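Peer 1: Task: produce atomic coordinates for the following.
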Amino acid sequence: MSLTNRQREVVQLLCQGLNTKQIARRLGVVPAVVSNHLAAIRRANGLTNSAQIGMRALLDGDLGPGIGTGWQCPGS
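Peer 2: I've put the predicted structure just below:
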């Protein structure tokens, strides 16, 4: 996934289990800004929900060095 630095921060916090309000509080923005980031990520990557964002970030290695890189579903 191609992400801006801020979008990457949002996705990392999302994957830690934070909701939109909590992410906004952590980043010092209003929840609408977080929602806009998530909507832009979904649109740019053909995704429909936050769970897909998290899974795609994990599989693409977008969560940080070594996290998710090369992981495959068992049996694939």
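
Peer 1: so where's this structure uncertain?
Peer 2: Where the chain drops to pLDDT under 70, the residues are 64-76.

Peer 1: mind running it again at 90?
Peer 2: Along the chain, the model assigns pLDDT under 90 to residues 1-3, 15-17, 54-55, 57-76.

Peer 1: For the chain, which residue occupies the most central location?
Peer 2: For the chain, the residue nearest the mean C-alpha position is V11 (2.4 Å; C-alpha atoms, centre = their mean).

Peer 1: Where does that residue fall, secondary structure wise?
Peer 2: helix 5-15 (DSSP states H and E).

Peer 1: rewinding a little: count the residues that sit near the residue nearest to the residue nearest to the centre of the chain when sequence neighbours are not counted.
Peer 2: Take V11 and drop its neighbours on the chain: the residue closest to it by C-beta to C-beta, 6 or more residues apart in numbering is A57, 4.8 Å away. The C-beta positions use only the backbone N, C-alpha and C, and glycine is treated the same way. By other C-beta atoms under 10 Å, 24 other residues sit near A57.

Peer 1: Show the contacting residues for A57.
Peer 2: Shown in contact with A57 (C-beta atoms under 8 Å, 6 or more residues apart in numbering): 1, 3, 11-12, 15, 63, 68.

Peer 1: where exactly do the helices run in this structure?
Peer 2: 5-15, 20-27, 31-45, 50-60 (DSSP state H).

Peer 1: Residues contacting the longest one, please?
Peer 2: Same thing as helix 31-45. Taking C-beta under 8 Å, 6+ apart as the rule, helix 31-45 contacts 1-3, 6-7, 10-11, 14, 20-21, 23-24, 27, 47-50, 52-53, 56.

Peer 1: Brilliant, that's me finished.
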